[in-house]
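Asks: quick check, what structure comes out for this input:
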Amino acid sequence: MGVLARIDGYQRRHRWAGFSLAVAYKFFDDQAAYLTALLTYYGFLSLFPLLLFLVALLGSMLSGNPHLQQALLDSALSEFPVIGDQLGHNIHSFHGSGIAIGVGIAASLYGALGIAQAAQLALNKIFAVPRHARPDPLRSRLKGLKFLSLLALGLCVTTALSAGESAASVFGARLAVGVRVAAAATAVVLNACLLMLSYRILARRRLPVRLMYAPALAGACAWQVLQWGGSYYVGHVLRGATATYGFFGIVLGLIAWLYLGALVYLGTAEICAVRCLRLWPRSLLSPFTDRVHLSSGDLRAYRSYAATQSFKGFEKITVHFDRPPHQPADGDGGEGHPPAEGDGDGDGREGHPPGGT
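Replies: Below you'll find the model as predicted:
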């Protein structure tokens, strides 16, 4: 027990260790692995309609310029390394009446809203937004459309970056390397901005940018590495595979790629939540036993979890922590057994509807 106490004291005194432990415990408390699986499922269902619509729309708009059409398609689909090539070779422009096309577009967009709804659910839980403060079904779908529009805008910009990177190769190897480095750096900054904007759109809580930009940059770098890994998987693992193995490899690779992407997205959100809600340091043994003195980060975290379940604005949830088991009665009233308190951590933030964006 003395060793554990020393380890606990060390991580509480050192910010990097205490913050990392708090993120891991927050990830566990939020059951973020299940939220990641949910996001992967809806992402799998939503990705195909969006990409099919993208490929068909570009094919229809640029039918008179096949070279430009192919260049834009290659650049756009390169953002989806596992299935981009398959869509590019097998999907063509829309054909049929205007009514049928309109119905197909509306159905595709409605199906694609599933990923936005899943992301809203996950982010509202991660950022401890009470149930009563979350948007109703209509407003949540409007937020979903904003989210999809943000993704479309980001895809357009990254497509332009990819097209410029490809065009630079004709001017020589040295210039091409410089353009590739600049394009990768710009893509990382752009993806960091997209992450922060998506959190502010989907989570109904004020999120200071100064506390989010560092985790967002880290998440954007992880996303860039994930894209390179997907391209390597397609170019080295699936190349030369048989039709059956290649088909299952594509499906399993897509699911794994989506899961890792969702993990990066929600993991970055967990880091932002710990910073914005000040949920550290945590006690080393708090997830494993009741025989522990809760830290200030534990108290704020557990109060926020309870306040998140408030379904009505006039519903007040009070959280009280009794004395931990087997603790002496003549203690100093420290962190592990405070008097009864309200919903928040002193400023009432967890217990009341947060300001939204």
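Asks: quick one, helices of the stretch 151-300 of the chain?
Replies: 173-202, 213-232, 243-277, 296-307 (DSSP state H, counting those that start in this stretch).
Asks: deepest in the core, which of those helices is it.
Replies: Per-stretch averages of neighbours, counted by mean count of other CB atoms under 10 Å, single out helix 296-307 among those, with a mean of 21. Using the backbone N, CA and C atoms, a C-beta is placed for each residue, glycine as well.
Asks: and that helix, what's its mean pLDDT?
Replies: Mean pLDDT, helix 296-307: 95.
Asks: quick one: it to helix 243-277, angle?
Replies: 110 degrees (axes from the mean of the first three to the mean of the last three CA atoms, to 10 degrees).
Asks: same for helix 296-307, what does it pack against?
Replies: The contact analysis (3 or more CB pairs under 8 Å, 6 or more residues apart in numbering; DSSP states H and E) places helix 296-307 against helix 15-29, helix 243-277.
Asks: for the longest one, what is the average pLDDT?
Replies: It refers to helix 243-277. 85.
Asks: one step back: output the helices and strands packed on helix 296-307 as JSON lines; include the columns distance to Val103.
Replies: Shown next, in JSON lines, are those (distance: least, CB to CB, whole Å):
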{"stretch": "helix 15-29", "distance to Val103": "41"}
{"stretch": "helix 243-277", "distance to Val103": "27"}
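Asks: between those helices, which gets nearest to Leu47?
Replies: Evaluated over the helices and strands packed on helix 296-307, closeness to Leu47 peaks at helix 243-277, with 7.2 Å, by CB to CB.
Asks: other SSEs contacting that closest one?
Replies: Packing contacts for helix 243-277, counted by 3+ CB pairs under 8 Å, 6+ apart, involve helix 15-29, helix 32-61, helix 98-126, helix 173-202, helix 213-232, helix 296-307.
Asks: now do 10 Å
Replies: helix 15-29, helix 32-61, helix 84-90, helix 98-126, helix 173-202, helix 213-232, helix 296-307 (3 or more CB pairs under 10 Å, 6 or more residues apart in numbering; DSSP states H and E).
Asks: which one of those helices has the poorest average confidence?
Replies: The stretch with the lowest mean pLDDT among those is helix 84-90, at a mean of 55.
Asks: the helices and strands packed on helix 243-277: which one's closest to Ser283?
Replies: helix 296-307 (5.4 Å).
Asks: the inter-axis angle of that closest one versus helix 15-29?
Replies: Orientation of helix 296-307 against helix 15-29 (the same axes, to 10 degrees) gives an angle of 20 degrees.
Asks: how about a markdown table for the helices and strands packed on helix 243-277, with distance to Leu145 added?
Replies: Output for the helices and strands packed on helix 243-277, formatted as a markdown table (distance: least, CB to CB, whole Å):
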| stretch | distance to Leu145 |
| --- | --- |
| helix 15-29 | 29 |
| helix 32-61 | 13 |
| helix 84-90 | 23 |
| helix 98-126 | 7 |
| helix 173-202 | 10 |
| helix 213-232 | 22 |
| helix 296-307 | 29 |
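Asks: report how many residues lie close to the closest residue in space to Leu123 that isn't next to it in sequence.
Replies: Counting by CB to CB, 6 or more residues apart in numbering, Ala203 is the residue found nearest to Leu123 once chain neighbours are left out, at 4.1 Å. Counted by other CB atoms under 10 Å, the residues lying close to Ala203 total 28.
Asks: quick one: contacts for Ala203?
Replies: Under the criterion of CB atoms under 10 Å, 6 or more residues apart in numbering, the neighbours of Ala203 are 119-120, 122-129, 134, 143, 269, 272-273, 276, 354, 356-357.
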